[in-house]
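**Student:** coordinates only, sequence not included:
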């Protein structure tokens, strides 16, 4: 067995002064240059260049360099640099191949050659004892793989100085989530309204110029005319439901509400030549549900008694008789019963799909005909964060005010602007919705509640949010900064 030689070189570390770079030749003609260490908060970065291209090394020998940070009581060894002669390099490769032995991933292996030069960098946790420590290099020369190593540490050589860097707060910009809405296979839309029509006594025929009928008919005719002339829309059904007020006998009111429904159907069918199959008709004899809502919203001296009668299990005619003797009955009869006599209508229609270029125009003129997905595609055709980009998401939440995704994306725009109050208005009602968690985390982070932010980012990450994973790392950077500031004081 060839005798193993051990040489130890020390580059002393004196912390918190100016940076000095040392170029030094150590034993066996190996050169260490540009050696320096830099403390940044809780981390210590170590750098050096090791040139073994002219090393005095036999073909079957290996030189093992072990950098370490060391004082009288502590030592932290760093990953090794191993320079091997040609024969030794080949032999060790065969052993690893046939015996499936792997070198430590952190070890740097070099074959002695004209290019045996390596830039060595390591980053470790800074500890207080390192303030008076030295950077040492242990050199071991061995002629076999199994030689026992002698770790006899001596400090020799000149020192390098650690450069302390001022700690600045990291500039963090959290990654906001924009949720892609699902594609609507069929874009079903509807339009609802009420027609408060007047009829001549004993008749159930709609007369357009009778009393206020022109105004009431204009409302439904306007929307029907738009849909019939819109090449993008197709009417699929017209639903009509007539109501009478709780005035007079129930049987009479039942016939009245049905006949008024039929009267409006006949008028529309004749006016537009609609096929009979488009219509669905229904009627409610007396609108007690509507009356209940009216009384609930009014301030009346006998309100409790009125509500008791309305909610009772009495027959309709019996309820009416009890209402008539109440102090507020005349007010209800004259001011509110007329609103109960009406025909409600609901127009169902479908809208064709739009291309991206079509959508850019439609979203400005008829946004209700677009799907959320189409709006999303239009928004993303503009530069992210641009005025056009933001405008589309604002339109989306106005057209679909109850849609979860529309609200989450609208909140994203407010977070981009830094308006946390507006973001709360969109997000607070969706605390239990996984798609909202990343943006909620950003909202709380902007308000300084990092514990809540971390909780939400973690939940979003577990749910598959890549944005949340990145945001968790950014929270850690902020936490490390706070720790470094605290340690520096």
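**Tutor:** That came through fine. Worth saying up front: this structure is predicted, and the values here are computed from it rather than measured.

**Student:** helix, strand or coil for the nearest residue to residue 264 once chain neighbours are set aside?
**Tutor:** In space, and not counting its chain neighbours, residue 264 is closest to residue 343: 4.9 Å by CB to CB, 6 or more residues apart in numbering. (C-beta placed from N, C-alpha, C; glycine too.) Following DSSP: H, G, I helix; E, B strand; the rest coil, we place residue 343 in the strand state.

**Student:** doesn't residue 260 make contact with residue 343?
**Tutor:** Yes. Between residue 343 and residue 260 there is a contact under CB atoms under 8 Å: 5.8 Å.

**Student:** list the buried residues for the helix or strand hosting residue 330?
**Tutor:** In the assignment (DSSP states H and E), residue 330 maps to helix 329-331. Within helix 329-331, the residues scored as buried using 16 or more other CB atoms under 10 Å are residue 329.

**Student:** and stretch 216-236, how far out from the chain middle?
**Tutor:** Here stretch 216-236 is found 39 Å from its chain centre; the criterion is CA atoms, centre = their mean, to the nearest Å.

**Student:** who touches the helix holding residue 330?
**Tutor:** Residues outside helix 329-331 that contact it (CB atoms under 8 Å, 6 or more residues apart in numbering): 300, 323.

**Student:** mind listing what's buried along the helix or strand following it?
**Tutor:** Scanning forward in sequence from helix 329-331 by DSSP H and E, the next helix or strand is helix 337-340. Buried residues in helix 337-340, counted by 16+ other CB under 10 Å: 337, 340.

**Student:** repeat for stretch 78-98
**Tutor:** Neighbour-count burial for stretch 78-98, with 16+ other CB under 10 Å as criterion, is recorded at 78, 80, 81, 82, 83, 84, 85, 88, 89, 92.

**Student:** which one among those gets closest to residue 251?
**Tutor:** Using CB to CB, residue 78 comes nearest to residue 251 of the buried residues of stretch 78-98, at 98.1 Å.

**Student:** in what helix or strand does the residue lying closest to the closest one once chain neighbours are set aside lie?
**Tutor:** Using CB to CB, 6+ apart and skipping residues adjacent in sequence, the residue nearest residue 78 is residue 67, 4.3 Å away. Element membership of residue 67 [criterion: DSSP H and E] is strand 62-70.

**Student:** state the mean pLDDT of that strand.
**Tutor:** Averaged across strand 62-70, pLDDT comes to 83.

**Student:** centre of the chain to it, how far?
**Tutor:** 48 Å.

**Student:** next one: stretch 471-489
**Tutor:** Distance, centroid of stretch 471-489 to centroid of chain: 23 Å (CA atoms, centre = their mean).

**Student:** and stretch 51-65, by the same measure?
**Tutor:** Taking mean C-alpha positions (CA atoms, centre = their mean), stretch 51-65 and its chain are 55 Å apart.

**Student:** if we can go back for a sec, just give the number of residues close to the residue nearest to residue 78.
**Tutor:** 24 (other CB atoms under 10 Å).

**Student:** is residue 198 in a helix, a strand, or coil?
**Tutor:** When classified by three-state DSSP, residue 198 comes out as coil.

**Student:** need the contact list for it.
**Tutor:** Counting by CB under 8 Å, 6+ apart, residue 198 touches 210, 211, 212, 213.

**Student:** pull out the buried members of those.
**Tutor:** For the contacts of residue 198, a burial check counting by 16+ other CB under 10 Å picks out residue 213.

**Student:** how is residue 110 assigned, secondary-structure-wise?
**Tutor:** Under three-state DSSP, residue 110 comes out as strand.

**Student:** show me what it bridges to in the sheet.
**Tutor:** residue 83 (DSSP bridges).

**Student:** okay, now the unreliable bits of the stretch 301-450 of the chain?
**Tutor:** Within the stretch 301-450 of the chain, no stretch has pLDDT under 70.

**Student:** quick one, helices of it?
**Tutor:** Using DSSP state H, counting those that start in this stretch, the helices of the stretch 301-450 of the chain run over residues 303-311, 316-324, 329-331, 337-340, 356-365, 372-379, 387-399, 404-417, 420-427, 437-446, 450-462.

**Student:** quick one on the thing from earlier: residue 208 versus the residue nearest to residue 264, what's the distance?
**Tutor:** For residue 343, the distance to residue 208 equals 15 Å [CB to CB, to the nearest Å].

**Student:** farthest-apart pair in the contacts of residue 198, please.
**Tutor:** Among the contacts of residue 198, 210 and 212 lie farthest apart (CB to CB), at 8.3 Å.

**Student:** just the ones of the buried residues of stretch 78-98 in strands?
**Tutor:** Under the assignment DSSP state E, those contribute 81, 82, 83, 84 to strands.

**Student:** for the second one, give me the pLDDT.
**Tutor:** Read it as residue 82. The score at residue 82 is 85. That number is its pLDDT.

**Student:** that older thread, could I get the ones in strands among the buried residues of stretch 78-98 as TSV with distance to residue 364?
**Tutor:** Below are these laid out as TSV (distance: CB to CB, whole Å):
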residue	distance to residue 364
81	65
82	68
83	70
84	71
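
**Student:** what is the most widely separated pair among those?
**Tutor:** 81 and 84 (10.8 Å).

**Student:** can you tell me what sits against stretch 365-373?
**Tutor:** Residues from elsewhere that reach stretch 365-373 (CB under 8 Å, 6+ apart): 180-184, 187, 189, 232-233, 351, 353-354, 359, 362-363, 375, 378, 395-396, 398-400, 403, 405-406.

**Student:** any buried residues in that stretch, and which?
**Tutor:** Buried residues in stretch 365-373 (16+ other CB under 10 Å): 367, 369, 370, 371, 372, 373.

**Student:** got TSV for these, with distance to residue 286 too?
**Tutor:** Formatted as TSV, the buried residues of stretch 365-373 follow (distance: CB to CB, whole Å):
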residue	distance to residue 286
367	39
369	38
370	41
371	40
372	40
373	44
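
**Student:** closest one of those residues to residue 387?
**Tutor:** Distances from residue 387 to the buried residues of stretch 365-373, taken by CB to CB, are shortest for residue 367, at 16.8 Å.

**Student:** thinking again about what came up before, I figured the residue nearest to residue 78 hits residue 48, correct?
**Tutor:** Yes. Residue 67 lies in contact with residue 48 (CB under 8 Å); the separation is 7.4 Å.

**Student:** what touches both of the two?
**Tutor:** Listed as contacting both residue 67 and residue 48 by CB under 8 Å, 6+ apart are residue 120.

**Student:** tell me the centre residue of this structure?
**Tutor:** Centroid-nearest residue in the chain: residue 177, 2.7 Å away (criterion: CA atoms, centre = their mean).

**Student:** and that residue, what does it touch?
**Tutor:** 408, 412, 435, 438, 439, 460, 465, 467, 468 are the contacts of residue 177 under CB under 8 Å, 6+ apart.

**Student:** reformat those as a markdown table; add distance to residue 136 and neighbour count.
**Tutor:** A markdown table is the format used below for the contacts of residue 177 (distance: CB to CB, whole Å; neighbours: other CB atoms under 10 Å):
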| residue | distance to residue 136 | neighbour count |
| --- | --- | --- |
| 408 | 56 | 25 |
| 412 | 53 | 21 |
| 435 | 54 | 16 |
| 438 | 47 | 29 |
| 439 | 51 | 28 |
| 460 | 46 | 25 |
| 465 | 46 | 23 |
| 467 | 45 | 19 |
| 468 | 43 | 24 |
